[in-house]
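Novice: Build me a model from this:
(2 chains)
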Amino acid sequence: MWSECIYVFEVVNYNKYVMKASIILFILGLILFSGCVSKDNNDLTIAGSTTVQPIITKASDVYSAEHPNVRIGVQGGGSGTGIRMVGEGSVGIGASSRELTVEEKRENPDLMTHTIALDCIAIVVHPSNSIKDLSLDQIRDIFSGKITNYKEVGGPDRRIVLVEREDGSGTRSMFESMVMNNTDVSDSALQKPASGAIRFTVSGNPNAIGYVGIGYLDDSIKPVSIKGVLPIEENVKTKAYPLSRNLYLVTKGAPSGLSTEFIDYILSEEGQKIVREEGFIPIR
Amino acid sequence: MNTKGFTLEKTIGRVLMLFSITAVIVLLLIMLFILDSGLPLFTKVGVLDFLFGTKWVPGENLYGAFQFIIATFLVTFGALLIAVPLGLSCAVFLAEIAPSWAKRIVRPAIELLAGIPSIIYGVFALVIIVDLVQITFNLATGETILAASLILSIMILPIIISISQDAIESVPMLYREGSYAMGATDWQTIYRVLIPAASQGIVASIILGMGRAIGETMAVVLVIGNVEKLPMGVLDPGETLTSAILLEMGEAVVKSTHYSALFCLGIVPFIFVLLLSLLSSRLISKSSGRFE
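Specialist: Numbers count the residues shown, from 1 in each chain, chains lettered A, B, ... in the order given. You can find the predicted model right below:
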């Protein structure tokens, strides 16, 4: 086949030797470059929570652009997977959106958690909705389908349309564990693939109620306060607002080498700016 | 020089053949990959539980896809119900009635319609059609199967119109002259002679449009609401096979049961569209040869 291809070029007046030489050069180049992709101490893999993933992905992009010899791989998998993998030593850093469980601590007593950001979800409605304040129990009854009209919780006479994230979303699992308490969300809820899509739907439908990360709040939707506490940054930092949590990076023992540098980078001013850009609350 | 020219011809022929075979190989590889990724599901879940179960809860290992299949068919047939009469009338108009200036405007406009990216259709539908449906039917939300059908019908119109128009235009002049000679009017000629004569091409256009509607993901996922509940009618939200894949693939752990289940969701429309396109290519080749 190759000889035929080269022959075609020869007939249309390409120099045979130039062709052959360039093919050899090309193959040599391939061999040389494949040699470059070898493992060394500048490799770091981070796996775990899909909630934390956007922060790490962005931070690792910026960090490796500044340090060209460093290679950082970012994987999802969920908090549990991340913690298990860092315990096994198969990744350098695990990402988690929850604290370590008692079992995880017993299994790997030397795991260390580093808080890198705060996450908070806001319950949002259409700006024209007169609902201002709900209790966690009311939110649970709304999302389980027990309450189907806003007038049952002191709002206007409107049917409630639930909007939630898709199965597997970090925001959804946070909402389910902090609000729903083992009650299922009604199967009539509309599912959206992203927080931005929830914001779009809620801003366009006066009947809708949904939840988004605090970074997605803007004028097109209205956050509802919970027992009088609004989802704003200072209420999250003082833990007065109930739907918030810490986001962690997990290392086995004290971090060393590249892990230290990367964690320090995320905690630096520049790293915390990325945290804010990705819609989370910086810790400093 | 002569033998060289001959070898060149042969070589180019072979290279071209190699390229076209690549397309077939890619198709086979995709089939193999989908089957290989999807079929492991059936070691955990029965085929019937998958096809006729109505509970899709990956966390509890429940993988019933019946509601997705029903939603997909409701959306598809809804779209056809709207697009076929519209498309066919437009094709007849363009082929038989339209003055040439109208043809020059309408045909390119329709072809342009085919080139718009589906996400644009989706956003248009999300902003306009969803609200329209919500207000018209006084629903709590306009994100329904009907909204998806409406936008899909616009998307498959170009396919139906252009193939049907070609089919009608390829009916030989002899047929029309014969019909007029018998004293038939324009309309009688169209629906007694031309449409029956072009029927295979028309059916092929409908089948191709149907294939497009079944496979379309992006526009549908934006407007259908994505509710994993068996839809009771076109005014309910639903979730199609393809939108379920789009929503969940990012979160499914590679090689897990959930992952295979999503591939199985893909196998259903894949097999269906494959059968449809085989059928339509048979019909098109039959109809193009029948007047000779």
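
Novice: Give me the pLDDT for residue A:222.
Specialist: Per-residue pLDDT puts residue A:222 at 95.

Novice: got the phi/psi numbers for it?
Specialist: Here is the backbone geometry of residue A:222 (degrees, to the nearest 10): phi -120, psi 120.

Novice: List the contacts of it.
Specialist: A:124, A:125, A:126, A:127, A:129 (CB atoms under 8 Å, 6 or more residues apart in numbering or on different chains). No exception for glycine: its C-beta is placed from N, CA and C like everyone else's.

Novice: with the residues you listed in mind, which one is nearest to chain B?
Specialist: Distance to chain B across the contacts of residue A:222 (CB to the nearest CB) is lowest for residue A:126, with 11.8 Å.

Novice: Contact partners for the closest residue to chain A within the stretch 51-200 of chain B?
Specialist: Closest to chain A within the stretch 51-200 of chain B is residue B:140: 4.1 Å, counting by CB to the nearest CB. Neighbouring residues of residue B:140 by CB under 8 Å, 6+ apart: A:159, A:160, A:161, A:207, B:134.

Novice: Among those, name the buried ones.
Specialist: The neighbour count (16 or more other CB atoms under 10 Å in any protein chain shown) marks A:160, A:161, A:207, B:134 as buried among the contacts of residue B:140.

Novice: so how far is residue B:131 from the first one?
Specialist: Plainly put, residue A:160 is 18 Å away from residue B:131 if you go by CB to CB, to the nearest Å.

Novice: related to what we said a few turns ago, among the contacts of residue B:140, which are in strands?
Specialist: Using DSSP state E, residue A:161 are the members of these that sit in strands.

Novice: tell me the two of the contacts of residue B:140 that are most distant?
Specialist: The most widely separated members of the contacts of residue B:140, counting by CB to CB, are A:160 and B:134 (14.4 Å).

Novice: one step back: would you turn the buried ones among the contacts of residue B:140 into CSV with pLDDT?
Specialist: Formatted as CSV, these follow (pLDDT from 0 to 100):
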residue, pLDDT
A:160, 95
A:161, 94
A:207, 94
B:134, 93
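
Novice: So which elements touch the helix or strand hosting residue B:205?
Specialist: Assessed by DSSP states H and E, residue B:205 sits inside helix B:199-215. Identification of packing neighbours for helix B:199-215 by 3 or more CB pairs under 8 Å, 6 or more residues apart in numbering or on different chains; DSSP states H and E yields helix B:66-92, helix B:145-169, helix B:257-289.

Novice: now do 10 Å
Specialist: Judged by 3 or more CB pairs under 10 Å, 6 or more residues apart in numbering or on different chains; DSSP states H and E, helix B:199-215 is in contact with helix B:66-92, helix B:145-169, helix B:241-248, helix B:257-289.

Novice: mind checking how far the shortest one is from the chain centre?
Specialist: Right, the one you point to is helix B:241-248. 17 Å (CA atoms, centre = their mean, to the nearest Å).

Novice: What average pLDDT does that helix get?
Specialist: When pLDDT is averaged along helix B:241-248, the result is 91.

Novice: report the angle between the axes of it and helix B:199-215?
Specialist: Using axes from the mean of the first three to the mean of the last three CA atoms, to 10 degrees, the direction of helix B:241-248 lies 20 degrees away from that of helix B:199-215.

Novice: right, is helix B:241-248 up against chain A?
Specialist: Yes - using CB under 10 Å from any CB of the partner chain, helix B:241-248 reaches chain A at B:243, B:244, B:246, B:247, B:248.

Novice: Tabulate the residues you listed (a markdown table), appending neighbour count.
Specialist: Shown next, in a markdown table, are the residues of helix B:241-248 next to chain A (neighbours: other CB atoms under 10 Å in any protein chain shown):
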| residue | neighbour count |
| --- | --- |
| B:243 | 30 |
| B:244 | 27 |
| B:246 | 19 |
| B:247 | 22 |
| B:248 | 22 |
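
Novice: Of the residues you listed, just say which sits nearest to residue A:141.
Specialist: residue B:247 (25.9 Å).

Novice: And the closest one, how far from residue B:90?
Specialist: 35 Å.

Novice: Helices along chain A, start to end?
Specialist: With DSSP state H as the criterion, chain A has helices at A:2-11, A:16-36, A:53-66, A:79-88, A:102-107, A:136-144, A:170-175, A:195-204, A:233-237, A:258-267, A:269-277.

Novice: out of those, which comes closest to chain B?
Specialist: Nearest of these to chain B, taken as CB to the nearest CB: helix A:2-11 at 5.0 Å.

Novice: now that closest one: mean pLDDT?
Specialist: 42.

Novice: Could you pull up the residues touching the residue lying closest to residue B:176 once chain neighbours are set aside?
Specialist: Closest residue in space to residue B:176, ignoring its immediate chain neighbours: residue B:189 at 6.0 Å, by CB to CB, 6 or more residues apart in numbering or on different chains. When contacts are counted by CB atoms under 10 Å, 6 or more residues apart in numbering or on different chains, residue B:189 touches B:96, B:175, B:176, B:177, B:178, B:179, B:180, B:182, B:195.

Novice: what about 7 Å?
Specialist: Residue B:189 sits next to B:176, B:179, B:180 when contact means CB atoms under 7 Å, 6 or more residues apart in numbering or on different chains.

Novice: okay, it: pLDDT?
Specialist: 93.

Novice: follow-up on the earlier one: same list, the residues of helix B:241-248 next to chain A, but as TSV with distance to residue B:167 please.
Specialist: Below are these laid out as TSV (distance: CB to CB, whole Å):
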residue	distance to residue B:167
B:243	32
B:244	35
B:246	34
B:247	38
B:248	40
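
Novice: show me where the stretch 101-250 of chain A has strands.
Specialist: For the stretch 101-250 of chain A, the strands defined by DSSP state E, counting those that start in this stretch occupy A:111-125, A:133-134, A:161-165, A:190-192, A:208-213, A:222-226, A:244-252.

Novice: Please name the nearest non-neighbouring residue to the one residue sitting closest to the centre of chain A.
Specialist: Geometric centre of chain A, nearest residue: residue A:51, 2.8 Å, by CA atoms, centre = their mean. What sits nearest to residue A:51 in space, not counting adjacent residues and going by CB to CB, 6+ apart, is residue A:170, at 3.0 Å.

Novice: pLDDT score assigned to that neighbour?
Specialist: Predicted confidence (pLDDT) for residue A:170: 74.

Novice: which ones are touching it?
Specialist: For residue A:170, the contact set (CB under 7 Å, 6+ apart) comprises A:49, A:50, A:51, A:97.

Novice: try residue A:94
Specialist: A:47, A:48, A:82, A:83, A:85, A:86, A:250.

Novice: okay, and for the chain, where does confidence drop off?
Specialist: Defaulting to chain A. Scanning chain A for pLDDT under 70 picks out the ranges A:1-41, A:168.

Novice: if you could check chain B rather than the one you did, that'd help
Specialist: Of all residues in chain B, those with pLDDT under 70 make up the ranges B:1-4, B:250-251, B:287-292.

Novice: Once you drop chain neighbours, what's closest to the most centrally placed residue in it?
Specialist: Nearest residue to the geometric centre of chain B (CA atoms, centre = their mean): residue B:212, 1.7 Å. With CB to CB, 6+ apart as the criterion, residue B:212 has its nearest non-adjacent residue at 5.2 Å, and that residue is residue B:156.

Novice: Count the residues that sit near that neighbour.
Specialist: For residue B:156, the neighbour count with other CB atoms under 10 Å in any protein chain shown is 27.

Novice: Just confirm it contacts residue B:213, I think it does.
Specialist: Yes - taking contacts as CB atoms under 7 Å, residue B:156 lies within contact range of residue B:213: 5.5 Å.
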